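J.: 3D model of this:
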Amino acid sequence: MTKFIEKVKVNNVVTGWVDDHAEELIDWSTKIWNYAELGLQEYQSSKLLAKKLEKEGFSIEMGVAGMPTAFVATWGKGKPVIGILGEYDALPGLSQKLAATKEPIIPEGSGHGCGHNIYGVAAAGGAIAAKKWMEKEGIPGTIKFYGCPAEETLVGKVFMARDHVFDDADVSITWHPNSLNSLWASRSLAMNSVKFNFYGKSSHAAANPEAGNSALKAVQLMDIGVNFLREHLIDPIRIHSTITNGGGAPNVVPDKAQIWYYIRAPHRSEVVETYEKLINIAKGAALMTGTDYTIDFITGCYDMLPNKVLGQVLLNNLKKVGAPSFDEHDMKLAKELTDSFDQGMKEVVVKTSGAPNNLLDKIMHDEVIEPYDEGKCMSGSTDVGDVSWNIPTAQFTTACAPIGTPGHSWQNVVAVGSTIGQKGMITAAKVIGLSVVELIENPSLVAQAQDEFKNEIKQKGGYVSPLPDGLKPPVPSI
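T.: Numbering: from 1, shown residues only. Predicted coordinates:
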């Protein structure tokens with residue numbers, strides 16, 4: 001009976017703090033939604049969260065790993081050390097008003113199409129709520145909030161991991177806005193982001209084409225080579241490209257051209273192998289065109305290793321908190337956003353996620369379901385993967401958008417900036433707070449998570465940073 005009373009007391013302290021400060025958390029998320037700052041430019045967003053945590057007694061270390069908008073907030077003493085990951089970067093081209101029709105605030109401006117405006121706030125809210133309980137009960141232990149910039153470009157946590165920022169935490173937990181309430185149990189794709197630059201010789205394209213060496217032709221030949229390579233790659237490998245510089249005018253043979261590739265695969269080793277093949281194709285394209293080439297390695301990341309012990313802690317607490325409760329106003333907006341989807345889009349999004357088909361009959365998710373993606377590999381990448389190769393890591397999702405909402409869409413921007421996303425955020429803050437408390441209370445769970453992690457890493461060969469020696473974060477100059 002004593003244990004039950006203590007658990008109720010914990011729930012009241014943690015969830016009660018989140019409820020009492022819900023309007024404040026919503027205000028933070030709204031400000032970050034309005035800032036809509038791109039990766040490594042989240043100066044206002046990171047400062048807001050750091051200042052709020054500092055006000056609550058956390059010590060702040062800004063500018064970690066060579067990134068001005070990366071920070072670590074620490075409170076407490078001793079073991080265990082529980083890490084919480086927070087993000088706050090936006091996406092380009094997704095500026096959008098809080099309306100059920102596509103209507104940018106700033107043409108071609110940025111917007112929070114992945115919900116990071118509520119991601120970091122919920123994580124910070126959960127950290128503070130757990131701290132309040134530890135303070136009240138006099139419980140030892142340490143909470144570390146990791147302010148992680150530039151997730152959308154898969155930069156922030158990769159550079160933080162290389163610089164050992166996460167090494168002093170025993171475990172880490174996090175969440176992500178979604179349209180479903182569940183554990184994120186799937187793996188993700190490892191990735192390299194690389195630009196190939198070709199250099200030739202310009203000439204008049206009509207009068208003296210023989211005097212020139214076309215850098216654009218080298219880019220085109222490289223991409224043709226990559227297209228022929230695809231037949232000989234395993235199905236999950238994905239290679240995307242865009243020509244970022246193809247020359248200036250048709251009557252001038254371009255002396256400079258650039259093509260940018262994302263190389264994704266289920267395992268880091270497969271990315272490395274495929275990358276080496278692309279380098280050979282670049283060499284061939286340069287030989288065929290009489291050009292030279294250089295490589296700009298932007299970033300790379302690992303696949304996600306979900307920790308089952310931590311995942312069960314998160315899922316159990318998500319079940320205790322329950323799904324967000326949406327009212328008539330929320331449902332009206334959700335219906336309007338759903339009606340704006342292209343025909344068949346909802347079905348495609350649900351199918352590709354692997355979620356149960358019976359969810360197609362719902363507009364908003366109103367329950368907590370068991371993981372539907374365990375043992376699978378999602379089709380995208382996340383730099384949370386690099387954290388998961390350094391310390392035990394797990395994450396969950398809450399309903400912050402209508403079921404079937406495409407990620408990185410204007411509809412998602414609306415949902416996460418509205419009361420729909422805000423209610424999912426409040427749920428997530430409670431789950432994070434309760435999970436921190438459970439791990440602090442039960443160091444054996446932390447030990448079990450570490451044992452699982454060590455066994456998996458032993459089998460897979462350990463973490464080696466994907467970044468070349470000496471590479472600096474691509475922080476834009478102000």
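J.: E374 should be in a strand, yeah?
T.: No - the assignment for E374, made by DSSP: H, G, I helix; E, B strand; the rest coil, is coil rather than a strand.
J.: for the residue of the chain most remote from its centre, which three-state class applies?
T.: Going by C-alpha atoms, centre = their mean, the residue of the chain most distant from its centre is A207, 50.8 Å out. Secondary structure for A207, judged by three-state DSSP, is coil.
J.: from G248, how far off is it?
T.: Distance of A207 to G248, given as C-beta to C-beta, to the nearest Å: 17 Å. All C-beta atoms are positioned from the backbone trio N, CA, C, and that covers glycine.
J.: then K277?
T.: K277 sits 31 Å away from G248 when distances are taken as C-beta to C-beta.
J.: looking at those two, which is more packed in?
T.: Neighbours per residue, other C-beta atoms under 10 Å: of K277 and G248, the larger number sits with K277, 16 against 11.
J.: contact partners for that one?
T.: For K277, the contacting residues are L229, taking C-beta atoms under 8 Å, 6 or more residues apart in numbering as the criterion.
J.: mind running it again at 10 Å?
T.: For K277, the contacting residues are G225, V226, L229, H232, L233, I239, I263, taking C-beta atoms under 10 Å, 6 or more residues apart in numbering as the criterion.
J.: burial check on E87, number of neighbours?
T.: Around E87 sit 29 other residues, with neighbours defined as other C-beta under 10 Å.
J.: and N11, what's its pLDDT?
T.: With respect to pLDDT, N11 scores 72.
J.: could you single out the nearest of the contacts of K277 to E441?
T.: Checking these against E441 by C-beta to C-beta gives I263 as the nearest, at 43.0 Å.
J.: about what we covered before: how far away is the residue farthest from the centre of the chain from E441?
T.: 79 Å.
J.: can you give me the strands for the chain?
T.: When secondary structure is read from DSSP state E, the chain shows strands at 59-62, 71-77, 81-87, 141-148, 171-178, 182-184, 190-199, 238-245, 256-265, 292-301, 393-399.
J.: so which bits of the fourth one are buried?
T.: Within strand 141-148, the residues scored as buried using 16 or more other C-beta atoms under 10 Å are G141, T142, I143, K144, F145, Y146, G147, C148.
J.: quickly run through the sheet partners of that strand, with directions.
T.: Strand 141-148 has its sheet partners listed here by DSSP bridges as strand 71-77 (antiparallel), strand 81-87 (parallel).
J.: tell me the most buried of these?
T.: Neighbour counts averaged per stretch over these are highest for strand 81-87, at a mean of 27; criterion: mean count of other C-beta atoms under 10 Å.
J.: highest neighbour count among the contacts of K277?
T.: Compared across the contacts of K277, I263 has the highest neighbour count, 26 neighbours, by other C-beta under 10 Å.
J.: OK, contacts around that one?
T.: Counting by C-beta under 10 Å, 6+ apart, I263 has contacts 189-194, 226, 233, 237-241, 270-275, 277-278, 300.
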